[in-house]
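1. show me how the following folds:
(one chain, ligands or ions: 2)
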Amino acid sequence: MTPAVYAISSGDPAGIGPEIIGKSWLARKEHQLAPFFAIGCSCAFESLPNLLVERISNPEEATACFDRALPVLNVQDCSEVVAGQPDTTGAQCALQALELGVGLARTNGVAGIITGPVSKDQLQKVGFTHPGQTEFIAERCGVAKENAVMMLAGPSLRVVPITVHIPVSEVPSRLTAELIKARARTAAKGMHRNFGLENPRIAVAGLNPHAGENGRLGNEEQDIIAPAIAELREEGLNIVGPLSADTMFHAAARENYDVALCQYHDQALIPIKALHFDDGVNMTLGLPIIRTSPDHGTAFNIAGQGIANPTSMIAAIKMAMTARHHRDLYGE
Ligand SMILES: NC(=O)C1=CN([C@@H]2O[C@H](COP(=O)(O)OP(=O)(O)OC[C@H]3O[C@@H](n4cnc5c(N)ncnc54)[C@H](O)[C@@H]3O)[C@@H](O)[C@H]2O)C=CC1
Ligand SMILES: NCC(=O)COP(=O)(O)O
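-> Ligands and ions are numbered 1, 2, ... in the order given. As a prediction, this is how the structure comes out:
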């Protein structure tokens, strides 16, 4: 039996992670959130105003105390960390929280993990070698990088970047038909497994302006993207493209697909953040575990001020619950 409790890693304690987790706990009844506990430095939570915190020593204790206090599994003391001033102590704490949370999810100790925002820059300073949490979690789960798919989703749009955290100058050379096919297959499976969408409609963006304008504005569409789509269609995927990226995100166009595959990070993240900065969720598809995250970052510039909006964190908890519901339904 999968336990009904979720783990939330704090993210960087100098960012807004602890604050939005605390605010989500305060909003637990209004949003009917399943029990969860935070993993991180207890003092990052104990210092928050109006929040009752209870230290726990294992996930089983979380459910019993969730009604009266935010349960926190302590990893490391980082009481010296100052909000808005990230340092390596905070990065170590963020990494330990992530490692512990993923370990609990992998061993069925929790129903899923929601990860708080980390600073990639700070993590690299403490030996983190992955481009982001997505790839780290994939490795811990034994899933190949290309099969662990970043998806960002809000009420009116889901997007998947095919290439992710790489310099824009490297996008054309890193874009291969194999990568596109791997992302599309995982996205299709993920739509069903986590959201109950059978045969989801997938739209694929071109790379170049006007999807290459028949080769006049670039050849990647004809050489790489269209052949990959044709193969996927033969496999039975409900997939169209390459579409002009500039015309596929307006309201009427979004009605035609369940998920958009985009060729690079900002092609995917600009529309989703323009539409759903407050309530967007980042979910990793293709994992044996459930992992979601708010779509925003550490927001060091407002940390410690009490003004962080918890909506995206609440949406991330709810999406993990939705995924759990569907996976339990299908026995996965
Ligand atoms: N899932 C993750 O762990 C993510 C981590 N990051 C990391 O976050 C760091 C900062 O990245 P930025 O590009 O500055 O993006 P950001 O999302 O942290 O901040 C962008 C702007 O939005 C505001 N903002 C963000 N979340 C907010 C919230 N919940 N309530 C109110 N205002 C909010 C910030 O104050 C800032 O003005 C980077 O080191 C990056 O690596 C970025 C995106 C996702
Ligand atoms: N821009 C999205 C992002 O940075 C999320 O990265 P990850 O840490 O979830 O891999």
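
2. wait, what's in contact with the residue nearest to Glu221 when sequence neighbours are not counted?
-> Distances taken as C-beta to C-beta, 6 or more residues apart in numbering put Gly212 closest to Glu221, at 3.7 Å, once the chain neighbours are dropped. Using the backbone N, CA and C atoms, a C-beta is placed for each residue, glycine as well. Gly212 makes contact with 206, 218-222, 242, according to C-beta atoms under 8 Å, 6 or more residues apart in numbering.

3. the residue of the stretch 151-300 of the chain found nearest ligand 1: neighbouring residues, count only.
-> Residue of the stretch 151-300 of the chain nearest ligand 1, by C-beta to the nearest ligand atom: Gly297 (2.2 Å). Gly297 sits with 15 neighbouring residues when counted by other C-beta atoms under 10 Å.

4. identify the residue nearest the spatially most central residue of the chain in space, chain neighbours excluded?
-> The chain has Asn282 as the residue nearest its centroid, 2.6 Å off, counting by C-alpha atoms, centre = their mean. Spatial nearest neighbour of Asn282, excluding adjacent residues (C-beta to C-beta, 6+ apart): Ser293 at 4.4 Å.

5. same thing with Ile56?
-> In space, Ile56 is closest to Pro71, 4.5 Å off (C-beta to C-beta, 6+ apart).

6. how close does the nearest residue to Asp295 once chain neighbours are set aside get to Ala315?
-> Once flanking residues are discounted, Asp295 sits nearest to Gly280: 3.5 Å by C-beta to C-beta, 6+ apart. Distance of Gly280 to Ala315, given as C-beta to C-beta, to the nearest Å: 7 Å.

7. then Leu179?
-> 28 Å.

8. burial count for the residue in the stretch 51-200 of the chain that ligand 2 sits nearest to?
-> Here the stretch 51-200 of the chain gets closest to ligand 2 at one residue, Gly132, 2.6 Å apart by C-beta to the nearest ligand atom. Other residues lying near Gly132 total 18 when counted by other C-beta under 10 Å.

9. who are the contact partners of it?
-> Counted by C-beta under 8 Å, 6+ apart, Gly132 has contacts 120, 150, 164-165.

10. C-alpha coordinates for the host helix or strand of the residue nearest to Asn282, PDB please?
-> In the assignment (DSSP states H and E), Ser293 maps to strand 291-294. Extracted as PDB, the C-alpha positions of strand 291-294 are listed here (Å, rounded to 0.1, in the frame of the first residue of the first chain):
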ATOM      1  CA  ARG A 291       7.400  14.300  -8.600                       C
ATOM      2  CA  THR A 292       6.000  17.700  -8.900                       C
ATOM      3  CA  SER A 293       7.300  21.200  -8.200                       C
ATOM      4  CA  PRO A 294       6.100  24.800  -8.300                       C
END
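
11. would it count as contacting ligand 2?
-> Yes. Contact of strand 291-294 with ligand 2 (C-beta under 6 Å from any ligand atom) involves Ser293.

12. so what strands line up beside that strand?
-> Sheet neighbours of strand 291-294, with direction, are listed as strand 113-115 (parallel), strand 281-285 (antiparallel) (DSSP bridges).

13. need those strands in JSON lines (columns: distance to ligand 2 and mean pLDDT).
-> Output for these, formatted as JSON lines (distance: least, C-beta to the nearest ligand atom, whole Å; pLDDT from 0 to 100):
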{"stretch": "strand 113-115", "distance to ligand 2": "7", "mean pLDDT": "98"}
{"stretch": "strand 281-285", "distance to ligand 2": "5", "mean pLDDT": "98"}
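
14. deepest-packed of those, please.
-> Mean neighbour count (mean count of other C-beta atoms under 10 Å) peaks for strand 113-115 among the strands paired with strand 291-294, with a mean of 30.

15. what does it rub up against?
-> The contact list for strand 113-115 (C-beta under 8 Å, 6+ apart) reads 6-9, 11, 36, 98, 101-102, 104-105, 133, 137, 289-293, 313, 316-317, 320.

16. ok so, going back, if I read this right, the residue nearest to Asn282 contacts Gly116, doesn't it?
-> Yes. Taking contacts as C-beta atoms under 8 Å, Ser293 lies within contact range of Gly116: 7.5 Å.

17. residues from the stretch 151-300 of the chain in reach of ligand 1?
-> Counting by C-beta under 6 Å from any ligand atom, the stretch 151-300 of the chain sits next to ligand 1 at 282, 293, 296-299.

18. does the host helix or strand of Gly90 come close to ligand 1?
-> Element membership of Gly90, judged by DSSP H and E, is helix 88-106. No. Shown here: helix 88-106 not in contact with ligand 1 (C-beta under 6 Å from any ligand atom), separated by at least 8.9 Å.
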